[in-house]
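In: Sequence unavailable; structure follows:
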């Protein structure tokens with residue numbers, strides 16, 4: 001592991017998390033412009049996030065631990081998804097994970113494009129069922 005790669009990965013993640021609300025604000029302004037109406041401020045999503053972070057937490061007494069952990073799990077998944085996409089550097093820590101996921105996601109499509117008898121002789125519903133079974137696997141080494 002390289003110190004530069006770790007720094008680049010963390011910097012990329014921080015920039016993605018800080019600029020995501022700005023992109024949402026820009027999209028909202030473009031929508032308003034296309035619909036010929038007044039747009040909210042560009043920083044409106046930052047204002048909304050600030051308001052939500054200052055609210056009190058309200059959790060039921062009988063709430064499960066999954067209910068309490070769900071926001072953290074969702075945030076971690078979104079942060080990991082943004083960390084996998086290389087935007088600032090190509091030598092990233094999570095690059096092998098992105099390669100493995102893309103290779104496992106592209107496995108079913110090679111059967112659709114080729115003329116292998118196992119894929120073309122089956123009905124379309126069977127081919128899609130086989131593709132869904134391959135997509136559900138997180139390991140790129142799982143045979144289809």
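Out: That came in fine, so what should we check first? These numbers come from a predicted model, not from an experiment. Numbers count the residues shown, from 1 in each chain.
In: Only C-alpha atoms from now on, for both contacts and neighbour counts.
Out: Fine.
In: any weak-confidence spans in the protein?
Out: Along the chain, the parts satisfying pLDDT under 70 run over 1, 88-92, 94-144.
In: which residues in it form helices?
Out: Using DSSP state H, the helices of the chain run over residues 3-34, 44-53, 65-84, 95-113, 117-120, 124-136.
In: counting contacts, what elements does the longest one pack onto?
Out: Right, helix 3-34. With contacts defined as 3 or more CA pairs under 8 Å, 6 or more residues apart in numbering; DSSP states H and E, helix 3-34 has these neighbours: helix 44-53, helix 65-84.
In: what's the last one packed up against?
Out: By that I understand helix 65-84. Of the remaining helices and strands, those touching helix 65-84 by 3+ CA pairs under 8 Å, 6+ apart are helix 3-34, helix 95-113.
In: Out of the helices and strands packed on helix 3-34, flag the one nearest residue 9.
Out: Of all these, helix 65-84 sits nearest to residue 9, with 6.8 Å by CA to CA.
In: Tell me the buried residues in the closest one?
Out: By 16 or more other CA atoms under 10 Å, the buried positions in helix 65-84 come out as 82-84.
In: got the angle for that helix vs helix 3-34?
Out: An angle of 100 degrees separates the directions of helix 65-84 and helix 3-34 when computed by axes from the mean of the first three to the mean of the last three CA atoms, to 10 degrees.
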